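Visitor: With the input below, show me the fold.
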Amino acid sequence: GEFATVTSYHRDALNNRLRSSRSVLAGLAGLFAGSDAVERTDLRRYVSEVSVRDDLPGILGLGYIEPVARQDLDAFLGEAAGLGLPNLEIHPDTGADTLFIVKYIEPSGDNPDVIGLDLNFEEKRRATLIAARDSGTLRLTPRIRLVQDDIGVPGFLLLMPLYAPDVPTNTVAQRRDAFRGWVYMPFVSEDFVSGLTSLEHHEFEFRLFEGGETTLENMIYDSAEDGFDWRGARFAETERIQVFGRVWTMEWASTPAYEEAQTDYFSLFILISGLVLTSIIGSLLWIVSRREQVITRQVVEKTRALKTREEENRAIIENAVIGILTIERDHRVLFCNEAGLEILGKSAGDVLGRKIQSVMPELEELPQENEILNVPVEGGARILGMGKRQWKTAEGSERMTFILRDVTEQERVHDQVAATERRWNLALRNADFT
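Guide: You can find the predicted model right below:
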């Protein structure tokens, strides 16, 4: 339905943001793969070039975590001093045989308590680090309390393992032998998933849960203000997605503004027309044996009721806020409501009686049944979303009804996200030193 299409843009925006995060970490991994000794200034330069905090809301920085055996700790501190970290303090004392130490993070000024942190101090972090190392894949921690401030805001760590080049990593044992460390990014969950599209708050509210259960304890984000009636919404969608080794559940509910403007009246029109016709036929069969006066009165009453319903349906369609066009089998336009004329930027004389291809020259082919087809118009200045429903009249004549919607703003947001990902991919290629 239309609401599923609206929410799909929002889901795609979240997936694009997650893919962009992966691309940024892959670029940083390339920086470490191309150098035997990455210094603090190298990481600072990379963070500046990719503008990560401008393009990825909620990201607190990029960092590097190094595993250090306790007996090698003094040597590690000496090496760190030579790389620009002369006063590195390891904290807290976890007593672990192998320490997982945050060696670098930039911007360092916004993360003063993170450098030198041994991530063994908390089991969720420790378990995810090991899972990433042993699997060779990106892993996301469960929701944790970040250490970047005194409050401990909820967030996540996204971790990518690094291995020595030109050595086999096909088994867990091989990956452990070749392992060098992790690049990672911490992010604030609420900032990361808010404001994905301009449709949030206007056409729907959005909730995100960790895991498969939509409980308050699992909630990561809720866009709605207090008092919003999630159960009372007329339209709702729920979807589970895989996010770097974890499951997130996305939930959308329509807002009162969307429900008031909801224009999916075409199905209602067909339903009402079918019910009316069925009622007329049944009535005619019943009154055939009655007197002529009774027959005449019944026909008049039923005809008046049918006309009233038709006028009601026409009023609904004429006042809809999306475009509705009906065409014949030869593609000539029989009907176009006021919203459709406004979206097309044409008068009724320019549309009615003409073939749809002359009304919309940019339309190279008609959409398939229940397909949403985006059509650039006005030289690409605007993009129209177009859906099609086929049906037949009572006489058997074929008709097609098209639903038009101006989706220029949604596509602009998609293009901005794609452009951002291309810049990050460029940063990845530039960071791939040999």
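Visitor: Tell me which stretches of this structure form helices.
Guide: Taking DSSP state H as the test, the helices found in the chain are 2-33, 40-50, 52-55, 73-82, 123-135, 172-178, 189-193, 256-261, 266-287, 292-318, 338-344, 348-351, 356-359, 408-431.
Visitor: Once you drop chain neighbours, what's closest to residue 244?
Guide: Nearest non-adjacent residue to residue 244, counting by Cβ to Cβ, 6 or more residues apart in numbering: residue 140, 4.0 Å away. (Glycine included, C-beta is placed from N, CA and C.)
Visitor: tell me the phi and psi of residue 232?
Guide: phi -90, psi 0 (degrees, to the nearest 10).
Visitor: what's the pLDDT at it?
Guide: Looking at residue 232, its pLDDT reads 92.
Visitor: Same question for residue 113.
Guide: pLDDT for residue 113: 86.
Visitor: thinking it is in contact with residue 146, fair?
Guide: No: the criterion here is Cβ atoms under 8 Å, and residue 113 misses it with residue 146 at 10.0 Å.
Visitor: Settle it for me: which of these two has more neighbours?
Guide: residue 146 (19 against 12; other Cβ atoms under 10 Å).
Visitor: Give me the distance between the closest residue in space to residue 69 that isn't next to it in sequence and residue 118.
Guide: Nearest non-adjacent residue to residue 69, counting by Cβ to Cβ, 6+ apart: residue 98, 5.5 Å away. Using Cβ to Cβ, to the nearest Å, residue 98 is found at 10 Å from residue 118.
Visitor: okay, those two: which has more neighbours?
Guide: Using other Cβ under 10 Å as the criterion, residue 98 and residue 118 rank with residue 118 on top: 22 against 12.
Visitor: Now do the residue nearest to residue 233 when sequence neighbours are not counted against residue 391, distance only.
Guide: Computed as Cβ to Cβ, 6+ apart, the closest residue to residue 233 that is not its neighbour in sequence is residue 253, at 3.7 Å. Distance, residue 253 to residue 391, by Cβ to Cβ: 30 Å.
Visitor: Listing request: residues of the stretch 201-350 of the chain with sub-threshold pLDDT.
Guide: Scanning the stretch 201-350 of the chain for pLDDT under 70 picks out 263-279, 281-321.
Visitor: picking that back up, in contact with the residue nearest to residue 244, which residues?
Guide: Listed by Cβ atoms under 8 Å, 6 or more residues apart in numbering, the contact set of residue 140 reads 128, 156, 157, 158, 159, 243, 244, 245, 246.
Visitor: Could you check how far the closest residue to the third one other than its chain neighbours is from residue 193?
Guide: Same thing as residue 157. Distances taken as Cβ to Cβ, 6+ apart put residue 141 closest to residue 157, at 4.6 Å, once the chain neighbours are dropped. Distance of residue 141 to residue 193, computed by Cβ to Cβ: 16 Å.
Visitor: Just give the number of residues close to the nearest residue to residue 44 once chain neighbours are set aside.
Guide: Spatial nearest neighbour of residue 44, chain neighbours left out: residue 106 (4.8 Å); criterion: Cβ to Cβ, 6+ apart. Residue 106 has 22 neighbouring residues, counting by other Cβ under 10 Å.
Visitor: Assess the claim that residue 106 and residue 63 are in contact.
Guide: Yes: taking contacts as Cβ under 8 Å, residue 106 lies within contact range of residue 63: 7.3 Å.
Visitor: list the contacts for residue 125?
Guide: By Cβ under 8 Å, 6+ apart, the contact set of residue 125 is 100, 119, 141, 144, 157.
Visitor: Run through the residues that contact the third one.
Guide: This means residue 141. Applying Cβ under 8 Å, 6+ apart to residue 141 gives the contacts 124, 125, 128, 156, 157, 158, 159.
Visitor: again with the first one
Guide: Taking Cβ under 8 Å, 6+ apart, we find residue 100 in contact with 65, 66, 67, 118, 119, 120, 125, 126, 129.
Visitor: Name the nearest residue to it, sequence neighbours excluded.
Guide: The shortest distance from residue 100 to any non-neighbouring residue, by Cβ to Cβ, 6+ apart, is to residue 119 (4.3 Å).
Visitor: Enumerate every residue touching residue 77.
Guide: Shown in contact with residue 77 (Cβ under 8 Å, 6+ apart): 88, 90.
Visitor: What pLDDT is listed against it?
Guide: At residue 77, the model reports a pLDDT of 94.
Visitor: ditto for residue 69
Guide: Reading off the model, residue 69 has pLDDT 97.
Visitor: now swap in residue 357 and tell me
Guide: On the pLDDT scale, residue 357 gets 87.
Visitor: Look up the residues forming beta bridges with the residue nearest to residue 244.
Guide: On the basis of DSSP bridges, residue 140 is bridged to residue 158.
Visitor: how far away is it from residue 52?
Guide: Taken as Cβ to Cβ, the span from residue 140 to residue 52 is 17 Å.
Visitor: rewinding a little: residue 253 and residue 391: which is more packed in?
Guide: residue 253 (24 against 14).
Visitor: Verify the contact between that one and residue 205 for me.
Guide: Yes: with contact defined as Cβ under 8 Å, residue 253 reaches residue 205; the gap is 5.4 Å.
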